[in-house]
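Visitor: need the 3D shape of this:
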Amino acid sequence: MPLAKPIPDYVMRLWRKVRRFELTRTLRATEKRMEYVKQSLAYIDRVEGRTPR
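Guide: As a prediction, this is how the structure comes out:
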């Protein structure tokens, strides 16, 4: 969808800032989740008496 006039510079700057924040936040959340998943797997392995890899 072509725009009638070019997007102002400050809008693009703001959008990139927001986008970057969202990406870094998502990345951090994913890292935490991965850590949690690894801990959970290790715990389950321990409980079931499996040898840790």
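
Visitor: okay, Lys17: pLDDT?
Guide: In this model, Lys17 is scored at 91, pLDDT.

Visitor: neighbours around it, how many?
Guide: For Lys17, the neighbour count with other CB atoms under 10 Å is 10. C-beta coordinates here come from the backbone N, C-alpha and C atoms, glycine included.

Visitor: ditto for Glu31
Guide: As a burial measure, Glu31 scores 10 neighbours (other CB under 10 Å).

Visitor: name the SS class of it, please.
Guide: Assigned by DSSP: H, G, I helix; E, B strand; the rest coil, the conformation of Glu31 is helix.

Visitor: now do the strands in the chain.
Guide: Taking DSSP state E, the chain contains no strands at all.

Visitor: low pLDDT regions in it?
Guide: Within the chain, the stretches with pLDDT under 70 are 1-3, 50-53.

Visitor: the helices in it, which residues?
Guide: Counting by DSSP state H, one finds helices in the chain at the ranges 9-47.

Visitor: buried residues, stretch 25-43. List them.
Guide: The neighbour-count check on stretch 25-43 (16 or more other CB atoms under 10 Å) flags nothing as buried.

Visitor: now it - C-alpha only, CSV.
Guide: Provided in CSV are the C-alpha atoms of stretch 25-43 (Å, rounded to 0.1, in the frame of the first residue of the first chain):
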residue,chain,number,x,y,z
ARG,A,25,12.4,-7.9,25.6
THR,A,26,11.2,-11.0,23.7
LEU,A,27,14.8,-12.3,23.5
ARG,A,28,15.3,-11.9,27.3
ALA,A,29,12.0,-13.6,28.0
THR,A,30,13.0,-16.4,25.7
GLU,A,31,16.4,-16.8,27.5
LYS,A,32,14.6,-17.0,30.8
ARG,A,33,12.2,-19.5,29.4
MET,A,34,15.0,-21.6,28.0
GLU,A,35,16.8,-21.5,31.4
TYR,A,36,13.5,-22.6,33.1
VAL,A,37,13.0,-25.4,30.5
LYS,A,38,16.5,-26.7,31.0
GLN,A,39,16.1,-26.7,34.8
SER,A,40,12.7,-28.5,34.5
LEU,A,41,14.3,-31.1,32.2
ALA,A,42,17.2,-31.6,34.6
TYR,A,43,14.7,-31.9,37.5
